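# Structure here, sequence nowhere to be found:
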């Protein structure tokens, strides 16, 4: 029974100590954030500290320093925004009023605070900024709704319709189900969708047999990622590769013939595309593994007992007489090897508007893979002079880079991602 009671008491003490420790950590973080000028973050940390220990004096005394400044900072921002009276003022006011609502919510969730020494309760002025927040959201929604209408009426061009749809979407972000913004977004988004044909890339390296179908893999990677990416698919319809290749064969167009502007536009028209993306593999370089070495020396001073190297000690009684110690300098020579290998692929792409033949985007990307590793081998000397890190290098087996094919594949993966990021940046 006594053991069980002791275990319960010990558990309670651990819980209390853990809570106190966390309480102090939260206060210290609050103080640090306050010094950095992050008043709202400081307020949240301090509030969590006081929730754990309401009578914690340091946190209580920090609270009236943080809270008024946090409120004043947001009110000053609101005053400046209103004075500037910019067209997008409602967009700017929403986060300011939201912050004020959050500040008062944090204060409202605090337990009753009474100073542990003076016994005076902590009080603060309350305010409700929810009406102002709602007004700002309605104002922002109306602002973007009207912009959407204006842009939608400007032109049926997909780029213009895309901008209109984004405005309607912003209106819905501020106020759910605002007017008929959802319907207008759906209409403009449908008009904004661009049909893009990605044709087989031309391999200009002249070494297709060595590295395989790099151009085909790159195109497949780009198409697959763009189709699966929801943010891209919102405004882009990638024409099926099988359809593209069928038209190329039907029209007897060589891939190399698609590079010139006229042929690209003609193919895009046959496919019913708004834009056509062509590309070239310009260069593939593989640097096989190379090894360089450098002789290095490490030295150390070690303590030895006199005569340690000459004989083993023989003890004639239970207590041996301590021998005198001396310092000896030892050295060790070793070769440190470095092995490097790499692969590099350079490719370019062009996006052409089918209706006008205008080049919309043209860029070049480079994908690389670099291998480097080190190891060492002892030449001569005393191992005791070596650091643990050097001993590990000497014990390490000679490393070998991936195969040439794998390095090219890794470089191609990086190249594909660069292509995708640039194309996404354009279409979004």
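Received the coordinates, thanks. In this text, all values refer to a predicted model and were calculated from it rather than measured experimentally.
# can we go C-alpha only for contacts and neighbour counts from here?
OK.
# who's in contact with residue 412?
Residues counted as contacts of residue 412 (Cα atoms under 8 Å, 6 or more residues apart in numbering) are 214, 218, 345, 367-368.
# let's see it at 6 Å
residue 367 (Cα atoms under 6 Å, 6 or more residues apart in numbering).
# What of residue 168?
By Cα under 6 Å, 6+ apart, the contact list for residue 168 reads 145, 148, 181, 185.
# In JSON lines, list those residues along with neighbour count, distance to residue 359 and pLDDT.
Listed next are those as JSON lines, based on neighbours: other Cα atoms under 10 Å; distance: Cα to Cα, whole Å; pLDDT from 0 to 100:
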{"residue": "145", "neighbour count": "26", "distance to residue 359": "32", "pLDDT": "97"}
{"residue": "148", "neighbour count": "27", "distance to residue 359": "27", "pLDDT": "97"}
{"residue": "181", "neighbour count": "26", "distance to residue 359": "34", "pLDDT": "96"}
{"residue": "185", "neighbour count": "25", "distance to residue 359": "28", "pLDDT": "96"}
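# any idea which of those is closest to residue 291?
Nearest to residue 291 among these: residue 185, at 60.5 Å, using Cα to Cα.
# Does the closest one belong to a helix, a strand or coil?
Here residue 185 is recorded as helix under DSSP: H, G, I helix; E, B strand; the rest coil.
# my guess is it contacts residue 165, does it?
Yes: contact criterion Cα atoms under 6 Å: residue 185 and residue 165 qualify, at 4.8 Å.
# Around residue 302, count how many other residues there are.
Each residue near residue 302 was counted by other Cα atoms under 10 Å, and the total is 12.
# Residue 168 and residue 176, how far apart?
Distance from residue 168 to residue 176, counting by Cα to Cα, to the nearest Å: 11 Å.
# Repeat that for residue 160.
To residue 176, residue 160 is 24 Å away according to Cα to Cα.
# same thing with residue 279?
For residue 279 relative to residue 176 (Cα to Cα), the value is 42 Å.
# So those two - more neighbours on which side?
Set side by side, residue 279 and residue 176 show more neighbours around residue 279, with 24 against 13, by other Cα under 10 Å.
# ok, now which ones touch that one?
201, 348-349.
# ok, and the most crowded of these?
Within the contacts of residue 279, neighbour counts (other Cα under 10 Å) peak at residue 201, which reaches 24 neighbours.
# residue contacts, that one?
Residue 201 neighbours (Cα under 6 Å, 6+ apart): 215, 279-280.
# Which of those fall in helices?
In helices, defined here by DSSP state H, the members of those are residue 215.
# Which element, helix or strand, includes residue 293?
Using DSSP states H and E, residue 293 sits within strand 275-305.
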